[in-house]
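# sequence plus the predicted model coming up.
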Amino acid sequence: MKPIPKLRWWIAGMLFLASILNYIDRQTLSILAPTIQAELKLTNEDYAVVVNLFLGAYLVATLLSGRIVDRLGVRLSLALFVGWWSVANILTGFARSFGSLGACRFLLGLGEAGNWTAAPKAVSEWFPARERGIAIGLYTLGATLGATIAPLLIVGIAARFGWQMAFVITGVAGLVWLVPWLWLYRRPAEHPRLAPEELALIRGGAAAAPDPGPPEPWRAVLRRREVWLLMLTRLLTDPVWYFYQFWFAKYLHDERGVGQLGLSVTFVIFLAADLGALGGGWFSGQLVKAGLPAPAARIRIMAAAACLMPFSALIPQMDGVNPVLALGMIVAFAHLTWLINLSSLVVDLVPARSLATCFGVIAAGSSLGGMAMNWAVGKLVTHASYGPAFWVMAGVHPLALFLIWRLRKAGAAG
């Protein structure tokens, strides 16, 4: 068969599209919540329970999906996850009660988490160390882009065809994605359309052996010191990203007087995050290309990003919305730069045969940190102000950097 030029980047493109679908399907309910609440006669408490059902399923699936990826492989497992969450999203369009809506969102959470354990394993199989950061940045960019376009897309579909069809159409898009994915993806050593020179490039960059063997048992995974340190790092730092997704617009409305229509200006925060997702991977890739060991390159860029995070403490002190947005963009850019290199560090340090399992355990720290942040910020806003939240966000990355340096000191980072 004729080789497909730069096949690894076509696969990265499929991961990018999967991440866009992941975030569109995730946000459909929140975008249409007022309409759905009115039609299904749901209280705000009912809606909160439905959201928590998604989050609870997502946390469980984060831990378990990695094991499925390591056992079934990337091709079949990601097809299973995307198919599962797409069907769950379609079924949501047929929900007619609190119970059926909650059940559908629970099923969605079980499927969606797997995207974020399968994708890094795909990167470990297909990309040399110097390109892993940019590849991870690309599929992460899909998430931020999905978050950006979801409101326009979902509102437009619902206005024309009704809210039920918004779930059905976006779910069907995921089922369509399965066709090129199943046709395209194989492990590099097994792919009939991979050029020999590209295979040599991948293997020359420390790609996995043709058969890495069965995954390590759970007890071996949980004994890995690097897994616990990286999980704690995500628990500390990922809440910053959740804050900007769920609370920053509300902060601008509550304390800066920005009206509902004016909140569209928050797209600049996601734009800065997009740049961080791509730039973070590119910067560390350049250091690797210059001869620095991959883990050391990731840590160096993470240290630079951590130095920018204290700008967060200045946000409550600013006069006017524009300076607040400018500082918010710096924080979002720095955090995504940090996150991309943290994800790349996992791929660098963890054995390929257990990568998805370890990644799931590490990502569980993100879910736990996000849930804790939502509770804490809710308390702060009710009884004090947003100010302390910005102060805390100014310090968590420098604190987490200490954990990363402990990895380096222990020799895990080379």
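Looks like it arrived, so ask away.

# only C-alpha atoms for contact and neighbour calcs from this point on.
Fine.

# domain-wise, how is this protein divided?
As recorded under automatic domain parsing, the domains making up the chain are 7-204, 219-409.

# wait, what's in contact with Thr62?
Under the criterion of CA atoms under 8 Å, 6 or more residues apart in numbering, the contact list for Thr62 reads 113-114, 117, 360-361, 363-364.

# could you check how far the nearest residue to Thr43 once chain neighbours are set aside is from Trp163?
Taking CA to CA, 6 or more residues apart in numbering, and ignoring the residues beside it in sequence, Thr43 has Gln37 as its nearest neighbour in space, at 6.9 Å. Applying CA to CA, to the nearest Å, the value for Gln37 to Trp163 is 11 Å.

# who's more crowded, these two?
Trp163 (21 against 16; other CA atoms under 10 Å).

# so that one makes contact with Gly93?
Yes: judged on CA atoms under 8 Å, Trp163 makes contact with Gly93 at a distance of 7.4 Å.

# before we move on, the earlier item: element containing the residue nearest to Thr43?
Of the helices and strands defined by DSSP states H and E, Gln37 is found in helix 33-40.

# and what of Pro388?
With DSSP H and E as the criterion, the answer for Pro388 is helix 387-409.

# circling back to that earlier point, least confident of the domains of the chain, on average?
Per-stretch averages of pLDDT across these put domain 219-409 at the bottom, with a mean of 86.

# ok, and the closest non-adjacent residue to Gly285?
Ranked by CA to CA, 6+ apart and with sequence neighbours excluded, the top spatial neighbour of Gly285 is Arg130, at 4.5 Å.

# repeat that for Ala297.
The spatial neighbour of Ala297 that comes closest, neighbours along the chain excluded (CA to CA, 6+ apart), is Ser284 at 5.3 Å.

# which one of the contacts of Thr62 is nearest Ala220?
Ranked by distance to Ala220 (CA to CA), these are led by Val361 at 12.4 Å.

# in the helix or strand containing the closest one, which residues are buried?
With the criterion set as DSSP H and E, the secondary-structure element containing Val361 is helix 355-383. Across helix 355-383, burial judged by 16 or more other CA atoms under 10 Å covers 355-371, 373-374, 377.

# what's the angle between it and helix 387-409?
Direction vectors for helix 355-383 and helix 387-409, defined by axes from the mean of the first three to the mean of the last three CA atoms, to 10 degrees, enclose an angle of 160 degrees.

# if we can go back for a sec, which outside residues touch the helix or strand harbouring the residue nearest to Ala297?
Assigning secondary structure by DSSP H and E places Ser284 in helix 267-289. Residues lying outside helix 267-289 but in contact with it, judged by CA under 8 Å, 6+ apart, are 129-138, 140-141, 144-145, 148, 244, 294, 297-298, 300-301, 325, 328-330, 332-341.

# hmm, Gly328 is touching Ser312, no?
Yes: contact between Gly328 and Ser312 holds when scored by CA under 8 Å: they sit 7.1 Å apart.

# and the gap between the residue nearest to Thr43 and Tyr47?
When Gln37 is compared with Tyr47 (using CA to CA), they lie 8 Å apart.

# neighbours around Val346, how many?
Residues within reach of Val346, counting by other CA under 10 Å, total 21.

# list the contacts of it.
By CA under 8 Å, 6+ apart, the contact set of Val346 is 230, 355, 359.

# quick check, nearest of those to Met1?
Of all the contacts of Val346, the one with the least separation from Met1 (CA to CA) is Leu355, at 31.0 Å.

# who's in contact with the closest one?
Under the contact definition (CA under 8 Å, 6+ apart), the residues listed for Leu355 are 66, 70, 120-121, 346-347.

# for the helix holding Ser284, which positions count as buried?
Of the residues in helix 267-289, those scored as buried under the neighbour-count criterion (16+ other CA under 10 Å) are 268-285, 287-288.

# using PDB, write out every CA atom in stretch 40-53.
The C-alpha trace of stretch 40-53 is given here as PDB (Å, rounded to 0.1, in the frame of the first residue of the first chain):
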ATOM      1  CA  LEU A  40     -38.600  19.100  32.400                       C
ATOM      2  CA  LYS A  41     -39.700  21.100  35.500                       C
ATOM      3  CA  LEU A  42     -36.300  20.800  37.200                       C
ATOM      4  CA  THR A  43     -35.200  22.900  40.200                       C
ATOM      5  CA  ASN A  44     -31.700  24.300  40.600                       C
ATOM      6  CA  GLU A  45     -31.100  21.500  43.100                       C
ATOM      7  CA  ASP A  46     -32.200  18.900  40.600                       C
ATOM      8  CA  TYR A  47     -29.800  20.400  38.000                       C
ATOM      9  CA  ALA A  48     -26.900  20.400  40.500                       C
ATOM     10  CA  VAL A  49     -27.600  16.600  41.100                       C
ATOM     11  CA  VAL A  50     -27.500  15.900  37.400                       C
ATOM     12  CA  VAL A  51     -24.200  17.700  37.100                       C
ATOM     13  CA  ASN A  52     -22.700  15.900  40.000                       C
ATOM     14  CA  LEU A  53     -23.800  12.600  38.500                       C
END
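
# so how far is that stretch off the chain centroid?
In terms of CA atoms, centre = their mean, to the nearest Å, the centre of stretch 40-53 is found 24 Å from the chain centre.

# what residues does that stretch touch?
By CA under 8 Å, 6+ apart, the surrounding residues in contact with stretch 40-53 are 36-37, 96-98, 101-103, 105-106, 109.

# which one is Glu112 nearest to, not counting chain neighbours?
Of all residues beyond its chain neighbours, the one nearest Glu112 is Trp85 (5.9 Å), with distances taken as CA to CA, 6+ apart.

# and the gap between the one you found and Leu349?
Using CA to CA, Trp85 is found at 30 Å from Leu349.
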